[in-house]
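Q: What follows is a predicted structure for the sequence shown.
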Amino acid sequence: MKLRSHPFELKLRHVFSVAHGTRSSVHSLIVSLSQNGHTGYGEATAIPYYGLDIGQMQQRLSQVQPAVEALPLTTPEELWEELRALLPEDPFLLCALDEAAHDLYGKLNGQAVYQRWGLALENLPLSNYTIGIASVEEMVEKMQAQPWPVYKIKLGTKDDLAIVRALREHTDAAFRIDANTAWTAEQAIRYAPELKALGVEFIEQPLRADDWEGMKRVFAQSALPVIADESCQVEADIARCQGFFHGVNIKLMKCGGLTPARRMVDQARQLGMQVMVGCMTESSVGISAVAQLLPLLDYVDMDGAMLLSNDPAEGVKLTDGKAVFPNRPGTGVALKEDVV
Ligand code: MG
């Protein structure tokens, strides 16, 4: 296999704010693995919350490049074990390589990833469209600029309930709330009944990632299901979330790719939890990988590429919340011509 990486600055259509801060662009590393005339693509992005920058990621990748290129692509899952031994502390890079391996393997065998897993594109959950923290006027404007069946609303302000009440006056769409760790247990328990009455489906990560004592109370008393995001990063976290969250939001970059994500979905199901897969601000390279898991999910948040003004790739797209798959093997992704 040949390994290449391409840094790319993803520009956001709108400045985007969440409880941790504000951004207008995101640095992404698109990774490719090539063999026998086919190339598979994967993606990792720099996320300040997780303390990573693209320069360090590229350096790390160049250190392991000879070892990665010497590995055989028997199956993506077997390759993942070898890659993890090379990159034990780098789930983002592991994710990019694992996505590329799944894409390449599918291209070599003329099969989409979901087909190889025995899944069919039936009863797929709708993806939400995310509205970042802004003034109510701006949030309403963003909703009206993008009519959608379900919105994820980022909260963590002084007046979160008032925001949801105000948005409800402008749409009948379903809402999901992501507090990104900004609330206390008391706030989450107090807000939940009114949020439920306002058409909210669930609350994502209301409390700090380490506030397990608070989550125990929220889990027992919340009128709405509570989904772990910052509290659920890697495979071992699924079991930890049982009894504290009703479901988990699995992200490929946090856990290290499609290979562990599939196992996490199965484990969460066995433990009776709801399953969501989320995304970062990432291009159609990463989003097309996320989409392969859709038949297994209750909820999905895969609007990352929609928020960009310069998506470097084409792949699985969203139309009115529905995923539209291209007729291509692997993850379905293709880079736009001028990118590499
Ligand atoms: Mg979240």
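A: Received it, and whenever you're ready, just let me know what you need.

Q: Check what pLDDT whichever residue of the stretch 151-300 of the chain sits closest to the ion gets.
A: Nearest residue of the stretch 151-300 of the chain to the ion, counting by CB to the ion: residue 229, 3.6 Å away. Backbone N, C-alpha and C define where each C-beta goes, glycine included. pLDDT, residue 229: 97.

Q: How about the contacts made by it?
A: By CB atoms under 8 Å, 6 or more residues apart in numbering, the residues touching residue 229 are 178, 180, 204-205, 249, 251, 278.

Q: will you turn those into a markdown table that also has neighbour count?
A: Putting the contacts of residue 229 into a markdown table (neighbours: other CB atoms under 10 Å) gives the following:
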| residue | neighbour count |
| --- | --- |
| 178 | 27 |
| 180 | 19 |
| 204 | 26 |
| 205 | 25 |
| 249 | 25 |
| 251 | 23 |
| 278 | 26 |
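
Q: Adding secondary structure, write these out as TSV.
A: Shown next, in TSV, are the contacts of residue 229 (DSSP: H, G, I helix; E, B strand; the rest coil):
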residue	secondary structure
178	strand
180	coil
204	strand
205	coil
249	strand
251	strand
278	strand
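
Q: restrict the residues you listed to those near the ion?
A: Within the set of the contacts of residue 229, contact with the ion (CB under 5 Å from the ion) is found for 178, 204.

Q: Just give the closest residue to the residue nearest in space to the middle of the chain, not the sequence neighbours.
A: The chain has residue 279 as the residue nearest its centroid, 1.7 Å off, counting by CA atoms, centre = their mean. Leaving aside its sequence neighbours, residue 279 sits nearest to residue 304 (CB to CB, 6 or more residues apart in numbering; 4.0 Å).

Q: try residue 77
A: residue 259 (5.2 Å).

Q: what sits against the residue of the stretch 1-150 of the chain found nearest the ion?
A: Residue nearest to the ion within the stretch 1-150 of the chain (CB to the ion): residue 18, separated by 8.0 Å. The contact partners of residue 18, by CB under 8 Å, 6+ apart, come to 132-133, 154, 156, 178, 180.

Q: can you give me the strands for the stretch 51-200 of the chain?
A: 129-131, 150-154, 174-178, 200-204 (DSSP state E, counting those that start in this stretch).

Q: Just send the ones you listed back as TSV, with mean pLDDT too.
A: Below are the strands of the stretch 51-200 of the chain laid out as TSV (pLDDT from 0 to 100):
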stretch	mean pLDDT
strand 129-131	96
strand 150-154	98
strand 174-178	98
strand 200-204	98
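
Q: can you put these in JSON lines and add distance to residue 327?
A: Below are these laid out as JSON lines (distance: least, CB to CB, whole Å):
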{"stretch": "strand 129-131", "distance to residue 327": "25"}
{"stretch": "strand 150-154", "distance to residue 327": "27"}
{"stretch": "strand 174-178", "distance to residue 327": "30"}
{"stretch": "strand 200-204", "distance to residue 327": "32"}
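
Q: so which of those gets nearest residue 188?
A: strand 200-204 (6.4 Å; CB to CB).

Q: Send me the closest one as PDB with only the CA atoms.
A: What follows is strand 200-204, C-alpha atoms only, in PDB (Å, rounded to 0.1, in the frame of the first residue of the first chain):
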ATOM      1  CA  VAL A 200     -37.100  17.900  22.000                       C
ATOM      2  CA  GLU A 201     -36.100  14.200  21.400                       C
ATOM      3  CA  PHE A 202     -33.100  13.900  23.700                       C
ATOM      4  CA  ILE A 203     -30.400  15.900  25.500                       C
ATOM      5  CA  GLU A 204     -26.800  15.300  24.500                       C
END
